[in-house]
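my questions concern the predicted model and sequence given below.
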Amino acid sequence: MTDSRSVLIANRGEIAVRVNKACRELGIKTIQVYSDADIDSLAVKMSDEAIRIGPAVSAKSYLNIDNILAAAKSSGADAIHPGYGFLAENSEFASAVESSGIKFLGPSSQAIKLLGDKVSARELVSSLNVATVPGSDGRVSDLSHAQVLAKDIGFPLMIKASAGGGGRGIRPVYTGDDLSRYFPQASAEALASFGDGGLYIEKYIASARHIEVQILGDGETYLHLFERDCSLQRRRQKVWEEAPATCLSDETRKGMCDSALKICQAVRYRGAGTVEFLYDTNSEDYYFLEMNTRIQVEHPVTEMVTGIDIVKEMICVGFGGKLSLKQNELKMTGHAIECRINAEDPSKDFMPWPGTISKISFPEQSGVRFDSMLFEGYEVPPFYDSLLGKLIVYDQDRSRAIDKLKHVLDKFIIEGIPTTVRLHEKLVNDGDVIAGRVDIEFLEKWLLEQF
């Protein structure tokens, strides 16, 4: 039987391609929105219908709520999938979709608003007896307030944006002079990125790992799909992700996953989401960082070790269905690693590099996956995030996955523009990376030595 449902994909790039594929496998019609810069994109080519929503600049296209809703209504879309980035964690967008009678394939606007604000999320989590990093109880009103709090908490500190994510509005501070210098910078960046300049501060924990738990909920039943290690970061942006996190004991893993489920249950969460933790490798304590109320860039490593199609599950739940799984049916097998392939030149301080893809090739074999928007002749536009795709490998254990990644990267070819493929080739051959001797500060120091 042909499925009569339709989904409008309010995003672009590799996540738009990923959602398109999931919908097609479910027999659901896809409606792809696009800006003038994306008229020849792979997502547009593979969709059942495509609708222009504005010029290249994001504010007039992918961030334009009115234009996206108009496209959904004119096409008769039954639901909207927000992908990640752009409006994916915008509670006003989710609320507008809900009010229009169209299904939002994500959590409720109330859940997005509560969990999207880092301060209110910390307050909720604390009430559930889940540990948070020591810091301010709420938003820091101004620099003088921050200076008073800094004396109580002690340096080093992290300044963080109350809204948003993606590493923006974040500054590490080691002295009072740093605090005076970076507090207004972080506020301005947060205001420009999220329309909200609110900040909070918390203790900076050295030698920490960034661990996140993947969850799924249908508003009544909640599952965790175990954890990922996302510690290899540059400027708070993830570069390389793994599942499982081999640094965790079984007891710590269970504690993190149970804590993530508590949070989901408290807000009757619906859809896919990620609860992020900071893991202190010295004390083995862990602390809630934030919750991302959307699909994550790195979701494929979890799919590889669990065998669960997370995007399909969130689509089915978004249409009012129930989760098709039970917690006791879920287990992790093997090990998966994801490398983010960006249109950037690492030798030039990761300068973004748009241009034409003249050739692309990688070994197609078992346990290798490349989630991408690329094809030969594709013109990478200069207007958006530089992510081109994600290379994911899977094998029986981490050692075998590392060996497979070495082989694949050696044969991986993208010609026409500089990319971060060679960066990952260096990382996968580094002794500390191979041994797992990394933390959230490792990559920044490593890059200074390498480039």
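Done, it's in.

now the helices for the stretch 301-450 of the chain?
310-318, 398-411, 421-427, 431-435, 442-450 (DSSP state H, counting those that start in this stretch).

sorry, that was for the stretch 101-250 of the chain
Counting by DSSP H, counting those that start in this stretch, the stretch 101-250 of the chain has helices at residues 109-116, 118-127, 143-153, 176-194, 250-266.

just these: most buried one?
helix 109-116 (a mean of 22; mean count of other CB atoms under 10 Å). Heads up, the C-betas are built off the backbone N, CA and C, glycines and all.

over to Gly321: give its phi and psi.
phi -80, psi 170 (degrees, to the nearest 10).

thought Gly219 was touching it, still the case?
No. Contact criterion CB atoms under 8 Å: Gly321 and Gly219 do not qualify, at 10.7 Å.

which one's more surrounded, those two?
Gly219 (18 against 11; other CB atoms under 10 Å).

which pLDDT value goes with the more buried one?
The model reports Gly219 with a pLDDT of 95.

excluding chain neighbours, what is closest to it?
Counting by CB to CB, 6 or more residues apart in numbering, the nearest residue to Gly219 once its immediate chain neighbours are dropped is Arg270, at 4.6 Å.

neighbours of the one you found, how many?
24.

now do the contacts for the most centrally placed residue in the chain.
Closest to where the C-alpha atoms of the chain average out (CA atoms, centre = their mean) is Gln296, at 3.4 Å. Neighbouring residues of Gln296 by CB atoms under 8 Å, 6 or more residues apart in numbering: 84, 212, 214, 272, 274.

one more: Leu115?
Applying CB under 8 Å, 6+ apart, the residues contacting Leu115 are 107, 121, 124, 263, 267, 273, 290-291, 293.

cool, Ala243 as well?
Counted by CB under 8 Å, 6+ apart, Ala243 has contacts 226-229, 301-302, 304-305, 332, 335-336.

same thing but 6 Å
228, 301-302, 305, 336 (CB atoms under 6 Å, 6 or more residues apart in numbering).

circling back: neighbour count and distance to Gly197 added to the contacts of Gln296, as a markdown table?
Below are the contacts of Gln296 laid out as a markdown table (neighbours: other CB atoms under 10 Å; distance: CB to CB, whole Å):
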| residue | neighbour count | distance to Gly197 |
| --- | --- | --- |
| Tyr84 | 21 | 23 |
| Glu212 | 26 | 26 |
| Gln214 | 27 | 31 |
| Ala272 | 27 | 29 |
| Thr274 | 23 | 25 |
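
now do the SS call for the residue nearest to the centre of the chain.
Three-state assignment for Gln296 (DSSP: H, G, I helix; E, B strand; the rest coil): coil.

quickly note the distance from it to Asn20.
18 Å (CB to CB, to the nearest Å).

do Ile417 as well
24 Å.

also Ile80?
14 Å.

those two: which is more packed in?
Neighbour count, other CB under 10 Å: between Ile80 and Asn20, Ile80 has more, with 29 against 24.

quick one: residues contacting Ala111.
267, 269.

scratch that, Phe350 is what I was asking about
Glu344.

next one: Pro346
423, 451 are the contacts of Pro346 under CB under 6 Å, 6+ apart.

for Val44, see how far away it is.
Taking CB to CB as the measure, Pro346 falls 30 Å from Val44.

the lengthiest strand in the chain vs helix 442-450, what angle?
Ordering each strand of the chain by length in residues (DSSP state E) puts strand 222-234 first. Strand 222-234 runs at 20 degrees relative to helix 442-450, counting by axes from the mean of the first three to the mean of the last three CA atoms, to 10 degrees.

roughly how far apart are the residue lying closest to Gly334 once chain neighbours are set aside and Asp229?
Leaving aside its chain neighbours, Gly334 sits nearest to Gln396 (5.3 Å; criterion: CB to CB, 6+ apart). Using CB to CB, we find Gln396 at a distance of 18 Å from Asp229.

so which of these two has more stuff around it?
Asp229 (24 against 12).

can you give me the first-to-last residue distance of stretch 271-288?
Start-to-end span of stretch 271-288 (CA to CA, to the nearest Å) is 20 Å.

for that stretch, buried residues please.
By neighbour count on 16 or more other CB atoms under 10 Å, the buried set for stretch 271-288 is 271-281, 286-288.

what would these look like in CSV with pLDDT, secondary structure and distance to Ala72?
Converted to CSV, these look like this (pLDDT from 0 to 100; DSSP: H, G, I helix; E, B strand; the rest coil; distance: CB to CB, whole Å):
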residue, pLDDT, secondary structure, distance to Ala72
Gly271, 97, strand, 18
Ala272, 98, strand, 21
Gly273, 98, strand, 23
Thr274, 98, strand, 26
Val275, 98, strand, 30
Glu276, 97, strand, 30
Phe277, 97, strand, 35
Leu278, 95, strand, 38
Tyr279, 96, strand, 40
Asp280, 93, strand, 45
Thr281, 90, coil, 46
Tyr286, 96, strand, 40
Tyr287, 96, strand, 39
Phe288, 96, strand, 34
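
most widely separated two among these?
Gly271 and Thr281 (31.5 Å; CB to CB).

follow-up on the earlier one: was I right about the residue nearest to Gly334 contacting Thr333?
No. Counting by CB atoms under 6 Å, Gln396 stays clear of Thr333, with 8.2 Å between them.

would you map out the domains in the chain?
6-105, 134-203, 208-450 (automatic domain parsing).

tell me the most buried of the ones you listed?
Per stretch, and counting mean count of other CB under 10 Å, the top mean among those goes to domain 6-105, which has a mean of 21.

how long is it end to end?
End-to-end span of domain 6-105 (CA to CA): 12 Å.

and the closest residue in space to Pro244 that isn't next to it in sequence, how close does it get to Thr274?
Once flanking residues are discounted, Pro244 sits nearest to Met332: 5.4 Å by CB to CB, 6+ apart. From Met332 across to Thr274, the span is 16 Å (CB to CB).
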